[in-house]
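In: Next comes the sequence, and after it the predicted model I'd like to discuss.
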Amino acid sequence: MDTFKYISNSEQETGLFARKLAGLLKPGSILCLHGDLGAGKTTFTKGLAEGLKIKPEKVHSPTFTLLNIYEGKVPLYHFDLYRMDDIKEILNIGYEEFLYGDGIAVIEWADKLKELLPPEFLKIEFKHEGEDKRSIAVSAQGKTYDPVAAKFVVPRWV
Ligand code: ADP
Ligand code: MG
């Protein structure tokens, strides 16, 4: 499956992109976000929340917890693993209930999950391309997410 790359030129464009993507998700969807600090993962999560009828100002990166839960059209489980030192921390909060539950899970610094990384997810990679410019690459990891990723891929003419 192809990777779709979107170029965002502002915080607002990243938010809009996320709001549109929210409409393609279903309860149980998992989004793994990758990228450096300041690349736009939390900004994207705010847009996602807005798309799910959650007030975006509720969304912030949890400082002392690994998980924030927002109630919207469906629950949004927002993990931020930046400060996680030991994988046991995520086991202790019973992460499976949230990852494989009835809500939508979005995970910042998902690579820290290592062997706990889910078998299937929508992968979103953020890169700094300039002061306000970011590339956002979307790809499906696992067949379940192929139709979501396919929505972004422009049909080829040849
Ligand atoms: P992360 O969660 O990946 O560490 P944040 O979303 O918290 O990143 O921060 C991104 C920062 O970059 C914000 O200060 C935001 O205003 C700024 N920014 C500038 N241009 C963009 C863009 N195109 N998309 C997202 N954020 C942007
Ligand atoms: Mg963040």
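Out: Alright, I've got the coordinates. Predicted model, so just to flag it, every value in this text is computed and none were measured. Residues are numbered from 1 along each chain as shown. Ligands and ions are numbered 1, 2, ... in the order given.
In: I'd say K127 and A39 touch.
Out: Yes: assessed by C-beta atoms under 8 Å, K127 is found in contact with A39 at 6.4 Å. The C-beta positions use only the backbone N, C-alpha and C, and glycine is treated the same way.
In: now the strands for the chain?
Out: 4-8, 30-34, 67-70, 76-80, 104-108, 121-128, 134-141 (DSSP state E).
In: pretty sure A137 is in contact with L122, am I right?
Out: No: assessed by C-beta under 8 Å, A137 is found out of contact with L122, at 11.1 Å.
In: which residues touch V106?
Out: 31, 33, 45, 48, 76-79 (C-beta atoms under 8 Å, 6 or more residues apart in numbering).
In: before we move on, the earlier item: can you put the strands of the chain in JSON lines and add mean pLDDT?
Out: Formatted as JSON lines, those follow (pLDDT from 0 to 100):
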{"stretch": "strand 4-8", "mean pLDDT": "93"}
{"stretch": "strand 30-34", "mean pLDDT": "98"}
{"stretch": "strand 67-70", "mean pLDDT": "94"}
{"stretch": "strand 76-80", "mean pLDDT": "96"}
{"stretch": "strand 104-108", "mean pLDDT": "97"}
{"stretch": "strand 121-128", "mean pLDDT": "97"}
{"stretch": "strand 134-141", "mean pLDDT": "96"}
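In: Can you add distance to ligand 2 and give these back as JSON lines?
Out: Output for the strands of the chain, formatted as JSON lines (distance: least, C-beta to the ion, whole Å):
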{"stretch": "strand 4-8", "distance to ligand 2": "15"}
{"stretch": "strand 30-34", "distance to ligand 2": "8"}
{"stretch": "strand 67-70", "distance to ligand 2": "11"}
{"stretch": "strand 76-80", "distance to ligand 2": "6"}
{"stretch": "strand 104-108", "distance to ligand 2": "5"}
{"stretch": "strand 121-128", "distance to ligand 2": "10"}
{"stretch": "strand 134-141", "distance to ligand 2": "13"}
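In: Tell me which of those sits nearest to L24.
Out: Evaluated over those, closeness to L24 peaks at strand 121-128, with 8.9 Å, by C-beta to C-beta.
In: Does anything pack onto the closest one? Which helices or strands?
Out: Judged by 3 or more C-beta pairs under 8 Å, 6 or more residues apart in numbering; DSSP states H and E, strand 121-128 is in contact with strand 30-34, helix 41-51, strand 134-141.
In: is the second one anywhere near ligand 1?
Out: Yes: with C-beta under 6 Å from any ligand atom as the threshold, helix 41-51 lies in contact with ligand 1, specifically through 41-43.
In: Alright, that wraps it up for me.
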